[in-house]
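Visitor: Whatever this is, show me its structure:
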Amino acid sequence: RRLVADAKDTSVRMPVVKTGDVKAVGTVTYTSWDGYVTTSTFSLDSASPPLLWRKMGVGQKEVDSEGEACVSLETALGMLDSYASKFADCLSGDDVPTLVAALKKAAPADPAEIVANEKVAEQEAAAAADY
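Guide: A predicted model of the protein is given here:
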């Protein structure tokens, strides 16, 4: 895994970067009572284990703004469970149980754990350099 090197670059917001090709696993769209649309596409990169990427688009009646983030499996499952259990009538797109099964099978790495491990490694390297 490679952390983003330049923290001063404000266009970079992810603590990790994509590895190789990214394959979409599924997409769900939530449409609220007032026509506000939230589309979420879940994808996996080519790392081993892969990282899970969630691309979200939002807008009134159609998507007009998008963003992407590396998320944990727990975050994705929580979101999908909420959609499927509380907002099923407002949901369209891929079958949520099938999407959940595919994400669980892929067993993606946790981006927060990667960042924590990198911080520990940096601290150990700095301590070793002091002696």
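
Visitor: C-alpha from now on. contacts and neighbour counts both.
Guide: Will do.

Visitor: Can you classify Lys119 by secondary structure?
Guide: Under DSSP: H, G, I helix; E, B strand; the rest coil, Lys119 falls in the helix class.

Visitor: Do you know the pLDDT at it?
Guide: You'll see Lys119 listed with a pLDDT of 82.

Visitor: for Gly57, same thing?
Guide: 94.

Visitor: Model confidence score at the closest residue to it other than its chain neighbours, please.
Guide: Nearest non-adjacent residue to Gly57, counting by CA to CA, 6 or more residues apart in numbering: Glu66, 4.2 Å away. Here the pLDDT value assigned to Glu66 is 92.

Visitor: try Ala5
Guide: 43.

Visitor: Trp37 pairs with what?
Guide: Small correction: residue 37 is Val, not Trp. Thr31, Gly59 (DSSP bridges).
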